[in-house]
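Engineer: structure here, sequence nowhere to be found:
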């Protein structure tokens, strides 16, 4: 799925559909070059409980490069 014009919301929607289908045989999702948000990361953590073998690759997390407050 990487290198497609979808954003974090699209990645979230795809992962949500995997979560809603417990009989899924999905093994990996590749969202290379697509940055995701914390909401996606939280959903992924939840989905990993259902599908512990699911591997998700993405282009990083939005907001992960903020400077710490002094």
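Structural biologist: All right, it came through fine. Predicted model only: the values in this text are computed from it and were never measured.
Engineer: got phi/psi on the residue nearest to the spatial centre of the chain?
Structural biologist: Residue closest to the average C-alpha location in the chain (Cα atoms, centre = their mean): residue 40, at 5.0 Å. In terms of degrees, to the nearest 10, the main-chain angles of residue 40 are phi -60, psi -50.
Engineer: that one and residue 6 touch, don't they?
Structural biologist: No - assessed by Cβ atoms under 8 Å, residue 40 is found out of contact with residue 6, at 11.7 Å. All C-beta atoms are positioned from the backbone trio N, CA, C, and that covers glycine.
Engineer: sorry, back to before: now do the contacts for the residue nearest to the centre of the chain.
Structural biologist: 8, 11, 12, 15, 58, 61 (Cβ atoms under 8 Å, 6 or more residues apart in numbering).
Engineer: please redo it, this time with the cut-off set to 7 Å
Structural biologist: Taking Cβ atoms under 7 Å, 6 or more residues apart in numbering, we find residue 40 in contact with 8, 11, 12, 15.
Engineer: grab the nearest non-local neighbour of it.
Structural biologist: residue 12 (4.9 Å; Cβ to Cβ, 6 or more residues apart in numbering).
Engineer: okay, and residue 12 sits in which element?
Structural biologist: Using DSSP states H and E, the element containing residue 12 is helix 8-19.
Engineer: three-state assignment of residue 33?
Structural biologist: Going by DSSP: H, G, I helix; E, B strand; the rest coil, the secondary structure assigned to residue 33 is coil.
Engineer: cool, residue 47 as well?
Structural biologist: Residue 47 ends up helix, using three-state DSSP.
Engineer: look up how far residue 5 lies from it.
Structural biologist: Distance of residue 47 to residue 5, given as Cβ to Cβ, to the nearest Å: 23 Å.
Engineer: ok, those two, which is more surrounded?
Structural biologist: More crowded of residue 47 and residue 5, by other Cβ atoms under 10 Å: residue 47, with 20 against 6.
Engineer: the spatially closest residue to the more buried one that is not a sequence neighbour: what's it in contact with?
Structural biologist: Spatial nearest neighbour of residue 47, chain neighbours left out: residue 19 (4.8 Å); criterion: Cβ to Cβ, 6+ apart. Counting by Cβ under 7 Å, 6+ apart, residue 19 touches 46, 47, 50.
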